[in-house]
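1. quick one, what's the 3D model for this:
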Amino acid sequence: MDELEQLAMSVGAETIARFTQTLDRPTSHYFGKGKLQELAELQNKERCDVIFFNDELTPAQQRNLEDSLNTKILDRSALILDIFAQRAQTREGSLQVELAQHQYLLPRLMGQWSHLERLGGGIGTRGPGESQLETDRRLIRQRISRLKKQLDTVSKQRSQYRSRRKSTGVRIVSLIGYTNAGKSTLFNTLTSADVTAENRPFSTLDPITRKMHLPYDETALLTDTVGFIHKLPPLLVAAFQATLEELYETNLLLHVVDITHPNAINHMKVVESTLKDLKLTEKPCLYVFNKADLLSSPDISSLELPEKISSSNYCLVSGQTGYNLEELKQRIHQIFSDEIAATSANVFVS
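-> Numbering: from 1, shown residues only. As a prediction, this is how the structure comes out:
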């Protein structure tokens, strides 16, 4: 709920109240009758503009709530989609967000979307007695089809770029992690870039790649990627497939964790669950515990870290101050050196 409030604040909302309820299963109005009545009384008193829900509502639940409360209802998925729409800067990012928004909207159409233009129009383009709702659905399906074709083109262009990049033999490192873990700040410090880094969710949507210098005059390409979050809408994951494909070509994942966050361990689990869904768990991964400058002590032994994490596969750093970044670069260099040595041994044995 704290995270939901943070997401709401990032789009300019001010929280008036919170409501929670424990139920065996959601009702047709998501809440039970008593809690719904409480919410209706608060709405009549405060005249709030929007009510956010921390789960994805079914189209029927959303309609029932809007009818009962007479106000705008946004579930978690819609809120995250709205944030992505605000953050999208490039044409590719805008296309991906728009696709996810239209796919989210399609099953929720109720015929009241008068803003949709009758682009079809003309003789023979509509069936006999086609309703406004059917027209709107047809328009959205056509738009979804066009967006998918445009994103297929983007995907092919990215694939060609990756092929050219791969032919050079340069190593690729990708930053992944929960949103607002400090990836962009770390990226700027490691590459001397000037990517926008703000203390807000999803400040980076589009992957950005820059050269990073490693020990012994070696170089690698470092890519900053979109952050993950709890209950990330599947529509967004699907829409951002062209972007996430960058991760399949990477040689090393740097899993950035805000080690000062009270839910840091849960954030790590969310990221690893997303990597599992994307079938990326076999990629080499180095855990980067960021924001060490905010710790009272560099000793993190008191944290209940997963068993698979040991001193050999994590590095405590600060992207803001540069603390221990040389050690991080040394770790990256060593991982690549060990990989080359293992490959050479396999070739020799064969």
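2. nearest the geometric middle of the protein, what residue?
-> Geometric centre of the chain, nearest residue: residue 228, 3.8 Å, by Cα atoms, centre = their mean.
3. so who does that residue touch?
-> Under the criterion of Cβ atoms under 8 Å, 6 or more residues apart in numbering, the contact list for residue 228 reads 176, 177, 178, 179, 270, 271, 274. C-beta: built from backbone N, CA, C; applies to glycine.
4. kindly report the same for residue 75.
-> 52, 53, 54, 55, 56, 57, 62.
5. how about a cut-off of 10 Å?
-> Shown in contact with residue 75 (Cβ atoms under 10 Å, 6 or more residues apart in numbering): 30, 51-58, 61-62, 65, 81, 104, 231, 233.
6. same thing with residue 315?
-> By Cβ under 10 Å, 6+ apart, residue 315 lies in contact with 254, 286-290, 292, 324-325, 327-332.
7. show me what secondary structure element comes after the lengthiest helix in the chain.
-> If you go by DSSP state H, the chain has its longest helix at helix 132-167. Following helix 132-167 in sequence order, the next helix or strand is strand 171-177 (DSSP states H and E).
8. quick one: average pLDDT of that next one?
-> The pLDDT scores in strand 171-177 average 93.
9. again, but for stretch 295-307
-> Mean predicted confidence for stretch 295-307 is 74.
10. tell me how far that stretch lies from the chain's centre.
-> Between the centre of stretch 295-307 and the centre of its chain there are 26 Å (Cα atoms, centre = their mean, to the nearest Å).
11. what does it rub up against?
-> Contacts for stretch 295-307 (Cβ under 10 Å, 6+ apart): 257, 259-260, 264-265, 268-269, 272, 287, 289, 292, 309, 311, 314, 316, 318, 323-324.
12. re earlier: if you rank the contacts of residue 228 by neighbours, which is first?
-> Comparing these by number of neighbours (other Cβ atoms under 10 Å), residue 176 comes first, having 28 neighbours.
13. thought residue 254 was touching residue 172?
-> No. If you go by Cβ atoms under 10 Å, residue 254 and residue 172 don't touch, sitting 11.2 Å apart.
14. the contacts of residue 75, buried ones only, as a ChimeraX selection?
-> Selecting only the buried entries of the contacts of residue 75 in ChimeraX, with 16 or more other Cβ atoms under 10 Å as the criterion:
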select :30,51,52,53,54,56,57,61,62,65,81,104,233
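15. please narrow the contacts of residue 75 to those residing in strands.
-> Taking DSSP state E as the definition of strands, the contacts of residue 75 contribute 51, 52, 53.
16. so can I have a markdown table of these showing distance to residue 185 and pLDDT?
-> Output for the ones in strands among the contacts of residue 75, formatted as a markdown table (distance: Cβ to Cβ, whole Å; pLDDT from 0 to 100):
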| residue | distance to residue 185 | pLDDT |
| --- | --- | --- |
| 51 | 34 | 92 |
| 52 | 28 | 94 |
| 53 | 32 | 94 |
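17. which one of these is nearest residue 26?
-> Using Cβ to Cβ, residue 53 comes nearest to residue 26 of those, at 9.8 Å.
18. spatially nearest residue to that closest one (excluding sequence neighbours)?
-> Of all residues not flanking residue 53 in the chain, residue 75 sits nearest, at 4.6 Å (Cβ to Cβ, 6 or more residues apart in numbering).
19. next one: the one you found from residue 61, what distance?
-> Residue 75 sits 8 Å away from residue 61, taking Cβ to Cβ, to the nearest Å as the criterion.
20. same check on residue 321?
-> Relative to residue 61, residue 321 is positioned 47 Å away (Cβ to Cβ).
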